[in-house]
Structures are given as C-alpha cells and as structure tokens.
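1. I'd like to go over a predicted model; first the sequence, then the structure.
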Amino acid sequence: ETGVTQSPTHLIKTRGQQVTLRCSSQSGHNTVSWYQQALGQGPQFIFQYYREEENGRGNFPPRFSGLQFPNYSSELNVNALELDDSALYLCASSRSPGDTQYFGPGTRLTVL
Amino acid sequence: QKEVEQDPGPLSVPEGAIVSLNCTYSNSAFQYFMWYRQYSRKGPELLMYTYSSGNKEDGRFTAQVDKSSKYISLFIRDSQPSDSATYLCAMRGQGGSEKLVFGKGTKLTVNP
C-alpha cells in the first residue's frame, strides 16, 4: 500500500508569485486535508477536500485555494505569495472526513 | 487562550527514562485525541489515537485522556535515542468536517 506522497520536496519563490503544491492520497482514501506548519509551530488546518468538494476551511485567506481530482489526488494553490507563507505544507489523507489522517512528508516552501 | 496548549520544551532525558508529555485544551467539544511523532524535516506520523476519556497502551507508549480536566498525556517507557523527535498532540470534535487542532509540539531528545 502506497502512502501519502507530495511534490515537490522543496520550493523557493519570490514575493507576489504563485505556487502549486501536489498531493497523492493513500490508496483507498477519498479525503485530503492540507496544513501549514511554520517553524517551531504545530500544523494549522487550511482546508479539507472530500469527493472533489471543499469540506471545511480554516482561517486562511482566499488566495489559498485547492482542488481534488477524481482519483482523489489534490492540489494546493497559493497566489500573491507573502514572506509569512514560508512554511512546511503538509497533506494528509483519510478514508473518510472523520477518519484518522495520515500525513505525507510535506513540501517546504521558502518565499524570498 | 489557545484551543490547545503544549509546552514546547525542549525536553532532554537519559536513555531508559520514562517520559511524560502533556497537553491541555479549552474546547469541551473535542472527542478524539491523537499523538503524532515528527522527525526533523518529515511529516507527522500517527502514534496513538483515543476516543473520549481513558487510557490506551501500545508497546512502550501509553496515552491518557482526562476530559474532566481537559488534559491529555503521552507516556514513553524505556525511552530510546530513536524516540528523539517532536511530539504533537492533536484533537478534534465529533463531526466529519471537524478540523484537527494541533498543539505546538514538544521537542524530545533522548541521550544515549
């Protein structure tokens, strides 16, 4: 059984640019959640996707958007990057919205 | 007041020690409680999952939940250098779209 995978591993962008991060969910999982983890902090919930629809959102501005595809993989898009967006972005998949979440290795984004 | 409070440490113990990690929370709607382990520059890995109050044991790890005090603990017996990591508590409410709320994480070092 393949676990959760994320790409790319690292990314460097400049302020004002746009970025797309990708996540492949674990086999048999139809729900994907995205988190932002700043250095020295716990992960903060961005949003969750279930069967291609947004199913809950945290306290993040609209320039954070997402997509889920029919194969349950997902993208996180961030527009107009700010320095404070520098963080580890984590994707987690689960069998259903209320089930245990399993995390991928994360994408480390640096905004200069 | 933050929803979940966790002492960030750092905590340094000798090999073989019993480690106690704790979190307090303010939201009485939380029903599911988890502990994740995160190695440096990796995604969180689920260690323990408990529902409501009580104890759960898995090998060297014991998770305790006291809902009346809004307090959860993770005990590690016979700690090993490989246990050196950041430990994150996480919790959520009953509903399927309830977000996972994390503590800040406690950085643990087990010295040989």
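-> Arrived safely, thanks for sending.
2. neighbours around the residue of chain B found nearest chain A, how many?
-> Distances from chain B to chain A, computed as C-beta to the nearest C-beta, single out residue B:102 as the nearest residue at 3.4 Å. Where you see a C-beta, it was placed from the backbone N, CA and C, and this is true even at glycine. Counted by other C-beta atoms under 10 Å in any protein chain shown, the residues lying close to residue B:102 total 25.
3. show me what contacts it?
-> Residues touching residue B:102, when contacts are defined by C-beta atoms under 8 Å, 6 or more residues apart in numbering or on different chains, comprise A:35, A:42, A:43, A:44, B:4, B:36, B:88, B:89, B:90.
4. select only the buried ones of the residues you listed in ChimeraX?
-> When burial is assessed using 16 or more other C-beta atoms under 10 Å in any protein chain shown, the buried subset of the contacts of residue B:102 is captured in ChimeraX by this command:
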select /A:35,42,43,44 /B:4,36,88,89,90
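5. now tabulate the contacts of residue B:102 in JSON lines and tack on secondary structure and distance to residue A:11.
-> Rendered in JSON lines, the data for the contacts of residue B:102 read as follows (DSSP: H, G, I helix; E, B strand; the rest coil; distance: C-beta to C-beta, whole Å):
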{"residue": "A:35", "secondary structure": "strand", "distance to residue A:11": "16"}
{"residue": "A:42", "secondary structure": "coil", "distance to residue A:11": "22"}
{"residue": "A:43", "secondary structure": "coil", "distance to residue A:11": "18"}
{"residue": "A:44", "secondary structure": "strand", "distance to residue A:11": "19"}
{"residue": "B:4", "secondary structure": "strand", "distance to residue A:11": "29"}
{"residue": "B:36", "secondary structure": "strand", "distance to residue A:11": "24"}
{"residue": "B:88", "secondary structure": "strand", "distance to residue A:11": "23"}
{"residue": "B:89", "secondary structure": "strand", "distance to residue A:11": "29"}
{"residue": "B:90", "secondary structure": "strand", "distance to residue A:11": "26"}
